[in-house]
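Novice: turn this into a model:
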Amino acid sequence: MTGLLVVGDVVTDVVARHAAPLAAGTDTAATIRILPGGAGANVACWAVDRGCRDVRLLARAGAVDLDWHAARLRAAGVRPLLVPDDAVPTATVVALVDATAERTFLTDSGAVLRLCPKDWSASLLDGIGHLHLSGYLLFSKTSRAAALLAKDAAHDRGIPVSVDPASAGFIRELGVRHTLSALEGVEVLLPNADEARLLTGLPDPADAAAKLSHSVPLTVVTLGARGALVAESGHITGRVEPPPAEALDTTGAGDAFTGAFLAARLAGADARSAAEEGCRAGAEAVSRLGGRP
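Specialist: Residues are numbered from 1 along each chain as shown. Reported below is the predicted structural model:
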């Protein structure tokens, strides 16, 4: 079974790239685009781009623009399993991207965190070789229950599970202890350096990666322009340098890494080789606007 099921989020991204610093109280010239996004949806699209032929996405979207998002997922080769929400709109993120390609997010979670256990069915795992959970789902009681239900169902079938913790800010809101509790039994953890530091209290990303891999056997910490660290069962087993890239927009670079990493693992790659594939996808992602290939 080589299919990948992503349980996560679909988001409408409003990406505003501004060369000058924001001018409070008046106008700042910017290039603004409305694009399909969402960490889970981006991961799914990058996994297809990197050769995974069966990729499915379970997420909630507002009923008004669900068809727009579903069409773009299908065009990317992803099978959309989108649950319509009549009460709230699709999640929206405003990404402010400055001249250094650093981004700041304004997030309206919308329908994302309303994914609930009734939206889940164990039959969604038919033909699936790996389950990936977007960490955003952990940050509300309702969507966390759905994510944990999916995780338990995967374990019952012997299907490995990975998690991207998603946001240092949201981890602080939920609390480190509760976040780590939700990660129990996960086989692969894919945090960035800030998330790894926060989850461990350790300032050095390598130390943090090694510590996290005591509880999550394979932990891969992304370091942005410095590549990635691979830690397995308490030891650093790989340090991967990224290819050179001219950064235009860093939105979705971590999602690109995750999608390519998971596609490589499903194709039989070892952890280091998969991390190298992830770094190549991340370098490609930062060279364009938006978070998808």
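Novice: what about the residue nearest to the spatial centre of the chain, distance to S233?
Specialist: Closest to where the C-alpha atoms of the chain average out (CA atoms, centre = their mean) is A39, at 3.9 Å. A39 sits 27 Å away from S233, going by CB to CB, to the nearest Å. Using the backbone N, CA and C atoms, a C-beta is placed for each residue, glycine as well.
Novice: residues in contact with the residue nearest to the centre of the chain?
Specialist: Residues counted as contacts of A39 (CB atoms under 8 Å, 6 or more residues apart in numbering) are G8, D9, V11, S134, G135, Y136, D164, A166, G252, G254, D255.
Novice: narrow the residues you listed to those in strands?
Specialist: Counting by DSSP state E, those place V11, S134, D164 in strands.
Novice: so how far is D98 from the last one?
Specialist: As for D164, its distance to D98 is 24 Å (criterion: CB to CB).
Novice: same drill for these two, tell me which one is more crowded.
Specialist: Using other CB atoms under 10 Å, the more surrounded residue of D164 and D98 is D164, with 27 against 15.
Novice: could I get the contacts of A39 as TSV with distance to A71?
Specialist: Listed next are those as TSV, based on distance: CB to CB, whole Å:
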residue	distance to A71
G8	18
D9	17
V11	15
S134	21
G135	26
Y136	23
D164	25
A166	25
G252	19
G254	25
D255	20
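Novice: where does confidence bottom out across the residues you listed?
Specialist: Lowest in pLDDT among the contacts of A39 is A166, which has 81.
Novice: that residue: neighbour count?
Specialist: 26.
Novice: could you do the one 3 residues further on as well?
Specialist: Here the number of neighbours of G169 (other CB under 10 Å) works out to 13.
Novice: now do the SS call for it.
Specialist: Using DSSP: H, G, I helix; E, B strand; the rest coil, the structure places G169 in helix.
Novice: from now on call the first residue 36
Specialist: Done: numbering now begins at 36, and the last item shifts to G204.
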